[in-house]
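>>> predicted model and sequence follow; I will ask about them next.
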Amino acid sequence: MEYRETLYHVDGKVAVIMLNRPDKLNAWTTRMAEEIQDAMMTAAEDDNVNVIVMTGAGRGFSAGADMSVLQDLGDGGGKKADKEDKPKPTPQDVRPD
């Protein structure tokens, strides 16, 4: 998959997924969600990757859903992610509560 709204790279044992729509405060789109899912699966299949870090380009991580495409999600265009869907630990999984 060609990544247009995200960037993906591996640094040592860390896979980094960067939201890359800084002009829109990295607001999520259906395309971005598909790219993130693809990057997560790529990382899951890489035996050298131990953890996945997600970050955002620009001044903020993400503004949330892109309101111009939000109506698509209401029509079943989105996928709900469960904790079991995550192939590798994220900082949220390892931090103490």
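That came through, no problem.
>>> list the contacts for M1?
34-35, 38 (CB atoms under 8 Å, 6 or more residues apart in numbering). Every C-beta, even on glycine, is put in place using the N, C-alpha and C of the backbone.
>>> quick one: what helix or strand has the residue nearest the centre of the chain in it?
For the chain, the residue nearest the mean C-alpha position is I36 (3.8 Å; CA atoms, centre = their mean). In the assignment (DSSP states H and E), I36 maps to helix 30-45.
>>> tell me what that helix is packed against?
strand 6-11, strand 14-19, strand 51-56 (3 or more CB pairs under 8 Å, 6 or more residues apart in numbering; DSSP states H and E).
>>> that helix to strand 14-19, inter-axis angle?
180 degrees (axes from the mean of the first three to the mean of the last three CA atoms, to 10 degrees).
>>> so A27 touches S62, yeah?
Yes. Counting by CB atoms under 8 Å, A27 sits close enough to S62 to count as a contact (6.7 Å).
>>> wait, a strand at V49?
No. Membership of V49 in a strand is not supported by DSSP: H, G, I helix; E, B strand; the rest coil, which gives coil.
>>> pretty sure Y8 is one of the things it touches, is it not?
No. The pair V49 / Y8 is not scored as a contact, 10.9 Å apart, by CB under 8 Å.
>>> okay, and the common contacts of the two?
A15.
>>> for the protein, what helix or strand is lowest in average pLDDT?
Between all helices and strands in the chain, the lowest mean by mean pLDDT, DSSP states H and E belongs to helix 91-94, at a mean of 58.
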